[in-house]
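Trainee: Whatever this is, show me its structure:
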Amino acid sequence: MKIHLGGLWRKPDFMKLWTGQMISEFGSRITREGLPYAAVLVLAASPAELGFLTALAALPVLLVGLIAGVLVDRVKRRPVMIWCDIGRFLLVGSIPVAALFGLLTMWQLYVVALLVGVFTIFFEVASQSYLPSLVERENIVEGNSKLGASSSLAEIGGPPLAGVLVQTLTAPLAIAFDAISYLFSALGVGLIRKPETKSISAHHEFNFWREVREGLAIVLSNPYLRPLAINSAISNFFGSFIGTFYVYYAVNDLKLEPGILGFIIGLGGIGALLGTLLATPMLKRLGLGNSLLVALFLGKLVPFLIPLAGGSPWLVIVCMALPQLLGDATLMVFLIHSTSLCQSVVPDRLLGRANASMQFLIGAISPIGPLVAGFLGSWLGVRLTLLIALVGMLLGSLAVIFSPLRTLREFPALQQETSDDSHASYADN
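Mentor: Just a heads-up that it's a prediction; the model follows:
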């Protein structure tokens, strides 16, 4: 019996990209778990040092997010991805090398966390901007679904794999697997044979601030992208409340054992993987607007079970497990469709800046969230703070409800630019 694979399964260039990124995603999960292990087990880091390490890893989106968008729109995207992978290979690979010679310090971890974050921002902006030129328009949702599946599988298998490697090899040596994974990603992207056609404005002299404003404007003025950015920014802000107190609340208030809590959190990866499988069927059956709304509301209503959890131990487990499973599934559907929408409506020459502007607008106020959460948690208690966070996230949905998004049946046609925006093209042979 022959198995017939359709869609992007039969596109060798996309499969090279997908395979490399899947390996890289697993490696990144090892480093995400391994860096704190290295800091604590090898360098005896204090809580303050761990907090600083985490903050540095999150800082690049604010420092270079908009810069990445401008530069990615001025150069070929595939080489950017390759060089970012090589840069991350060298940075992450320096950790096991330093550890072998007894030279590892917290300062090195700080530098690696910050610079890897910078390279990751550039890679993600370039990757999201490159996908539409690699696959046909009708395959964008499938492409984003498959790339999302890579992340979901890594979320399921990465942390356990990291734990085993750290326990058997020590944290610094386990991180070596992540360094090698970036080489596989670079190899996958480098083997792509489809020429990359890139358009640059023929009369557009470089002006950094003008191009930053142009990228922000394409998001803030677009009737489809603006509500998505507003909703996601509000959701990220209030969602950081949940991230701040989730483990504390589960262990101290609900008395969940770490092993059970780890299993519950792992269901989030399974849910996200389920979401990658549901994205295309929901789009075909419900249409784009209804699919976005269903995913949005389910993803924000189910988590209300978290602050309402109580009663028997089994009921508590169910109340904490369903938001991980169903919430992450619907969130993945929403992310796939919203990312595909951005890639569909933004002209190629602006796509890097549009993706970077979305990341910047969504992440700009997120660092304030944990500070507000800490204040409210001390004043009102953790359970009530979680409830406030979920109400805030739900209110963010109003931006989508009262927007043209709800009426969309399919992805809008790409808006053609005027003759003033004539472009010169070149191909990456």
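Trainee: Confirm K16 sits in a strand?
Mentor: No. Assigned with DSSP: H, G, I helix; E, B strand; the rest coil, K16 falls outside any strand and is helix.
Trainee: what does the model give it for pLDDT?
Mentor: In this prediction, K16 carries a pLDDT score of 84.
Trainee: Count residues in the vicinity of the residue nearest to it when sequence neighbours are not counted, would you?
Mentor: Nearest in space to K16, with sequence neighbours left out and distances taken as CB to CB, 6 or more residues apart in numbering, is G188 at 4.5 Å. C-betas here are computed from N, CA, C, even on glycine. Around G188 there are 23 other residues, counting by other CB atoms under 10 Å.
Trainee: Shouldn't E49 be within a helix?
Mentor: Yes. Under three-state DSSP, E49 sits within a helix.
Trainee: List the residues that contact it.
Mentor: When contacts are counted by CB atoms under 8 Å, 6 or more residues apart in numbering, E49 touches 39, 106.
Trainee: now do F304
Mentor: So F304 contacts 387, 390 (CB under 8 Å, 6+ apart).
Trainee: now it: how far from L17?
Mentor: To L17, F304 is 38 Å away according to CB to CB, to the nearest Å.
Trainee: Checking my notes, the residue nearest to K16 in a helix, right?
Mentor: Yes. Membership of G188 in a helix is supported by three-state DSSP.
Trainee: what sits against K194?
Mentor: Here K194 is in contact with 13, 134 (CB under 8 Å, 6+ apart).
Trainee: Got the phi and psi for it?
Mentor: phi -70, psi 130 (degrees, to the nearest 10).
Trainee: what about the residue lying closest to F402 once chain neighbours are set aside, how many neighbours?
Mentor: Counting by CB to CB, 6+ apart, P227 is the residue found nearest to F402 once chain neighbours are left out, at 7.9 Å. By the criterion of other CB under 10 Å, P227 has 23 neighbours.
Trainee: Would you mark the buried spots in the helix or strand hosting P227?
Mentor: P227 is part of helix 225-248 when elements are defined by DSSP states H and E. Neighbour-count burial for helix 225-248 flags 225-242, 244-246 (criterion: 16 or more other CB atoms under 10 Å).
Trainee: residue boundaries of the strands in this structure?
Mentor: 196-201, 423-428 (DSSP state E).
Trainee: need the least confident one among those, by mean pLDDT.
Mentor: Taking the mean pLDDT of the strands of the chain, strand 423-428 comes last: a mean of 36.
Trainee: pretty sure I368 is touching F237, no?
Mentor: Yes. If you go by CB atoms under 8 Å, I368 and F237 touch, sitting 7.1 Å apart.
Trainee: Contacts only, for the residue nearest to K16.
Mentor: G188 neighbours (CB under 8 Å, 6+ apart): 16-21, 23.
Trainee: try 6 Å
Mentor: Shown in contact with G188 (CB atoms under 6 Å, 6 or more residues apart in numbering): 16-17, 19-20.
Trainee: got a winner among those for most neighbours?
Mentor: Busiest of those [other CB under 10 Å] is L17, holding 27 neighbours.
Trainee: Quick one: residues contacting that one.
Mentor: Counting by CB under 6 Å, 6+ apart, L17 makes contact with G188.
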